[in-house]
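>>> Task: produce atomic coordinates for the following.
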Amino acid sequence: MSDSLQLKLYGAVFAAAFACNAAYTFGTAEDMTFTVETKEATKGDSGKYLVKTENQGMLQVADSYLNLHFNASDVYFGLKEGHTYKADTYGWRFGLMSMYPNVIAVEDVTPAEKLEALKPQ
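Alright, predicted model coming up:
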C-alpha cells in the first residue's frame with residue numbers, strides 16, 4: 001500500500017471516529033435536574049467522579065474535549081450532598097462499558113427551605 005493511500009486511510013478513520021464521538025456528545029445532550037445523594041471518587045487507572053442521585057440514577061463528572069469542559073474536578077468537588085442542581089449533561093448509561101451520563105455544567109437550584117434544613121445545627 002502506498003504511503004499516500006495509507007495516510008488517506010488513517011485520515012478517514014480518524015475523521016469517522018471524531019464524527020461518531022461528536023454525534024454521541026451533541027446528539028445525547030440534555031438538561032437535567034437532580035438531587036445529590038452521595039458522591040464517590042473511584043481510584044485506579046480508570047478513576048472516575050461518580051454522583052449517585054435521588055432521581056436520575058448514577059452520573060459521572062468528567063472532562064469533555066468536544067464541549068471544552070476541562071474542570072471536572074472543580075465541578076465534582078463543588079457538588080454538595082442533599083443539594084439540587086440543574087445540569088447540562090450528555091450520554092447514556094451503558095453498563096457493559098461502565099459508561100454513565102456525563103455532567104458538564106451545574107447550577108445549584110436547591111430551594112431555600114431545604115438549604116435551611118441542610119445547615120449544621
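
>>> Please make it C-alpha for all contacts and neighbour counts, starting now.
Noted.

>>> Could you pull up the mean pLDDT of stretch 39-57?
The average pLDDT within stretch 39-57 is 87.

>>> to the chain's geometric centre, what's the distance from that stretch?
Mean-position distance between stretch 39-57 and its chain equals 10 Å (Cα atoms, centre = their mean, to the nearest Å).

>>> in it, what's buried?
Buried residues in stretch 39-57, counted by 16 or more other Cα atoms under 10 Å: 39, 48-53.

>>> Please convert the residues you listed to a markdown table, extending it with distance to residue 74.
Below are the buried residues of stretch 39-57 laid out as a markdown table (distance: Cα to Cα, whole Å):
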| residue | distance to residue 74 |
| --- | --- |
| 39 | 14 |
| 48 | 13 |
| 49 | 11 |
| 50 | 13 |
| 51 | 14 |
| 52 | 17 |
| 53 | 18 |
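
>>> Just the residues you listed: which are in strands?
39, 49-53 (DSSP state E).

>>> would CSV of the residues you listed with distance to residue 106 be doable?
Output for those, formatted as CSV (distance: Cα to Cα, whole Å):
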residue, distance to residue 106
39, 15
49, 15
50, 15
51, 13
52, 15
53, 14
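
>>> Among those, which one sits closest to residue 61?
Closest to residue 61 out of those is residue 49 (5.3 Å), distances taken as Cα to Cα.

>>> Look up the closest residue to that closest one, ignoring the ones flanking it.
Counting by Cα to Cα, 6 or more residues apart in numbering, residue 49 lies nearest to residue 41, which is 4.6 Å off, once chain neighbours are set aside.

>>> ok so, going back, can you name the two of the buried residues of stretch 39-57 that sit furthest apart?
48 and 53 (15.6 Å).

>>> Could you give the bridge partners of residue 52?
Applying DSSP bridges to residue 52 gives these bridge partners: residue 38, residue 58.

>>> Could you pull up the residues touching it?
Residue 52 makes contact with 36-39, 58-59 under the criterion Cα atoms under 8 Å, 6 or more residues apart in numbering.

>>> Residues touching the helix ranked longest in the chain, excluding its own?
As assigned by DSSP state H, the longest helix anywhere in the chain is helix 3-27. The contact list for helix 3-27 (Cα under 8 Å, 6+ apart) reads 66, 90-91.
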